[in-house]
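1. pasting a predicted model and its sequence here:
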Amino acid sequence: MDVLVIGGNRYFGKRLIALLRKSGHRITILNRGSSGAPGGIEHLVADRDDEAALQSVLAGRSFDVVVDQVCYTPRQAEIARRLFGPRTGRYVMTSTVEVYADEDRTVPVAEDALDLGAVTVDTGPAWEDPQFREAHYGEGKRQAEAVFAAGPPFAWTSVRVAHVLGGDDDFTGRLAHYARRIRAGEPIAVPVVNHPATYVYVEEIAAFLAWAVEEDFTGPVNAHSPEPLHTADLCAEIEKQVGGRTVFRTVETGEVSPFSFSRAYAMDNSRAVALGYSFSPSSTWLPQAVSETLTVKR
């Protein structure tokens, strides 16, 4: 298949590209040019916010599947729908667990917990501000999905990715933050009621996306490992590997540590399983994920 990957030539994006190449797909990468493409892969350069530039670079091209890893706003989604509707048989958007930011449920949330038809879409200029975009990450993804769900039929799926762990190229610094505080015995701020969350191993989310490229399902799908993890689970594994002692400090208001959650919105992956994908339990890969991430950061 001819597969276009938009953005994402790092972290699980680069793993996805490697898997697609291994499977024999013809890969084209499109980004702004800030990062190149692996040898032997065609590289298109354009700013995805510039519709005219995208139209020009895509002229005369079509793809079996488009994997869009950097669709963050409803405006970007509208451009993608216009340009790729006639150019691809299927469009796969990487989305996020944060689309459920308004949820607080005692049971894991399934895809239909979010009614995309009820989402208000605002394509105003605020989305052009990088700080606004970052602060409204989940909302941007939610509105982008709503754009794809509305209007004329369009073969799309959104992969709602859980919190990703693992890899020596983890750019978030979140586990390293925990490791520093645990080694020093410094307190880790958590909410009074701290809920577990759903996670996925970096290698497995790449594998799931590669699998999704070859499937034909549409609509949103949650992607995560069974066995939600609590902040204490992460800290216990970090203690085993770097030493130190975990000290939690509960706070009623104010900032808390990453990977601690005052709301319950763990995802339900029943749809992915029913479609034929089996995720590894979190306990089977957590030690490896922590080891990879902290090896070069100790």
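-> Received the coordinates, thanks.

2. hey, where'd the strands end up in the stretch 1-150 of the chain?
-> 2-6, 26-31, 42-45, 63-68, 88-96 (DSSP state E, counting those that start in this stretch).

3. need the ones you listed in a markdown table (columns: distance to Arg263 and mean pLDDT).
-> In short, each C-beta sits where N, CA and C put it, glycine included. Listed next are the strands of the stretch 1-150 of the chain as a markdown table, based on distance: least, Cβ to Cβ, whole Å; pLDDT from 0 to 100:
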| stretch | distance to Arg263 | mean pLDDT |
| --- | --- | --- |
| strand 2-6 | 31 | 96 |
| strand 26-31 | 34 | 95 |
| strand 42-45 | 40 | 94 |
| strand 63-68 | 28 | 98 |
| strand 88-96 | 15 | 97 |
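
4. so, low pLDDT: which residues of the stretch 1-150 of the chain?
-> 8 (pLDDT under 70).

5. OK, contacts around the spatially most central residue of the chain?
-> In the chain, the centroid-proximal residue (Cα atoms, centre = their mean) is Val161; its distance is 4.1 Å. Neighbouring residues of Val161 by Cβ atoms under 8 Å, 6 or more residues apart in numbering: Thr94, Ser95, Thr96, Val97, Val200, Ile205, Ala223, His224.

6. if we go to 6 Å?
-> When contacts are counted by Cβ atoms under 6 Å, 6 or more residues apart in numbering, Val161 touches Thr94, Thr96, Ile205, Ala223.

7. same thing with Phe259?
-> Counting by Cβ under 6 Å, 6+ apart, Phe259 has contacts Thr231, Leu234.

8. what about it, which SS state?
-> Here Phe259 is recorded as coil under DSSP: H, G, I helix; E, B strand; the rest coil.

9. let's have the chain start at 698 instead
-> Shifting the count to begin at 698 puts that one at Phe956.

10. pLDDT score assigned to it?
-> Predicted confidence (pLDDT) for Phe956: 93.

11. so how far is Gly863 from it?
-> Plainly put, Phe956 is 13 Å away from Gly863 if you go by Cβ to Cβ, to the nearest Å.

12. quick one: closest of the strands of the stretch 698-847 of the chain to Ala909.
-> Of all the strands of the stretch 698-847 of the chain, the one in closest proximity to Ala909, counting by Cβ to Cβ, is strand 785-793 (5.7 Å).

13. as CSV, could you dump the C-alpha coordinates of the closest one?
-> In CSV, the C-alpha atoms belonging to strand 785-793 read as follows (Å, rounded to 0.1, in the frame of the first residue of the first chain):
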residue,chain,number,x,y,z
THR,A,785,-7.1,8.5,0.1
GLY,A,786,-9.1,5.4,0.7
ARG,A,787,-8.7,5.8,4.5
TYR,A,788,-7.6,8.4,6.9
VAL,A,789,-6.1,7.5,10.4
MET,A,790,-5.8,10.3,12.9
THR,A,791,-3.8,9.9,16.1
SER,A,792,-6.0,11.3,18.9
THR,A,793,-5.7,11.2,22.7
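
14. that older thread, pick out the most distant pair among the contacts of Val858.
-> Longest distance between any two of the contacts of Val858 is 11.3 Å, between Thr793 and Ile902; criterion Cβ to Cβ.

15. of those two, who's got more company?
-> Legend: neighbour count by other Cβ atoms under 10 Å for Thr793 and Ile902, higher for Ile902 (26 against 21).

16. can you name the residues that contact the residue lying closest to the more buried one once chain neighbours are set aside?
-> Spatially, and ignoring its direct neighbours in sequence, Ile902 is nearest to Phe709 (5.1 Å; Cβ to Cβ, 6 or more residues apart in numbering). Going by Cβ under 6 Å, 6+ apart, Phe709 touches Val899, Ile902, Ala903.

17. now do Thr947
-> Here Thr947 is in contact with Val887, Val889 (Cβ under 6 Å, 6+ apart).

18. is it true that Val887 touches Ser957?
-> Yes - contact criterion Cβ atoms under 6 Å: Val887 and Ser957 qualify, at 4.2 Å.

19. on that earlier part again, between the strands of the stretch 698-847 of the chain, which one is closest to Val910.
-> When the strands of the stretch 698-847 of the chain are compared by Cβ to Cβ, strand 760-765 sits nearest Val910, at 5.1 Å.
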